[in-house]
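# Quick one, structure for this:
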Amino acid sequence: EWMAVSPFSLYYWDSLSLEPWAPPRDVAYIVVAPDNDNLLHEVKTFFKVLSNGYESLKLGRHTPITKALRDGILKVGAKRAGKLENEVEHDEWFSAIGEGENSELLRLYSKVCHHYLVPLLTQIPLDASLLKRDTTPGATRAMGPPDSVGERYRR
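Below is the predicted model:
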């Protein structure tokens, strides 16, 4: 039998011997994050804890897509911002947000997603192989975008 409970019940998941009603659902993910060593360490830690929690609750597997990106993280930072600065915006919304540091960051993230993430996702097969870690040397970089995009945004 199933029952609906508050999200706060997750804190008591183990002690109440709860388990998912539906079958486990596997999740493969990519993180888009700033290229900042301190922040990347925190992002990696957060997703490891999230993955461990997801799997320990028997909700399924929670793994980064490492076939294309090391650790499943697309870094937005320094190296390629010059290439993307002259690119045309693909959404009218960006002309309405005005100017400013945050506006420029949003535009940069949009361009990185459009120029690197979209082509990357179209190359990846959407099957169970996403959940397997690719351990061959150099294979994690074969399809991946550059490690970072946009030096002036590095903090």
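# Contacts for the lengthiest helix in the chain, please.
Longest helix in the chain, counting residues (DSSP state H): helix 37-56. By CB atoms under 8 Å, 6 or more residues apart in numbering, the surrounding residues in contact with helix 37-56 are 27, 29, 31, 33-34, 60-64, 71-73, 75, 155. (C-beta placed from N, C-alpha, C; glycine too.)
# Show the residue spans covered by the strands in the protein.
Secondary structure of the chain (DSSP state E): strands located at 27-29, 31-34, 62-64, 73-76.
# neighbouring strands for the second one, and are they parallel or not?
Strand partners for strand 31-34, identified by DSSP bridges, are recorded as strand 73-76 (parallel).
# What is the least confident helix or strand in the chain?
The least trusted helix or strand in the chain, going by mean pLDDT, DSSP states H and E, turns out to be helix 81-85, with a mean of 71.
# how close does the residue nearest the centre of the chain get to residue 65?
Centrality entry for the chain: nearest residue to the mean C-alpha point is residue 31, 1.4 Å, by CA atoms, centre = their mean. Per CB to CB, to the nearest Å, residue 31 is found 10 Å from residue 65.
# that older thread, can you list the strands of the chain in CSV and add mean pLDDT?
Shown next, in CSV, are the strands of the chain (pLDDT from 0 to 100):
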stretch, mean pLDDT
strand 27-29, 90
strand 31-34, 91
strand 62-64, 92
strand 73-76, 89
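# Format those strands as CSV; extra columns: distance to residue 114.
Conversion of these to CSV gives the following (distance: least, CB to CB, whole Å):
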stretch, distance to residue 114
strand 27-29, 19
strand 31-34, 12
strand 62-64, 21
strand 73-76, 12
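# any weak-confidence spans in this protein?
Scanning the chain for pLDDT under 70 picks out 1, 78, 80, 82, 89-90, 130, 133-155.
# Let me see the ranges of the helices in it.
Counting by DSSP H, the helices of the chain are 37-56, 81-85, 93-96, 101-112, 118-123.
# Many thanks, we can stop here.
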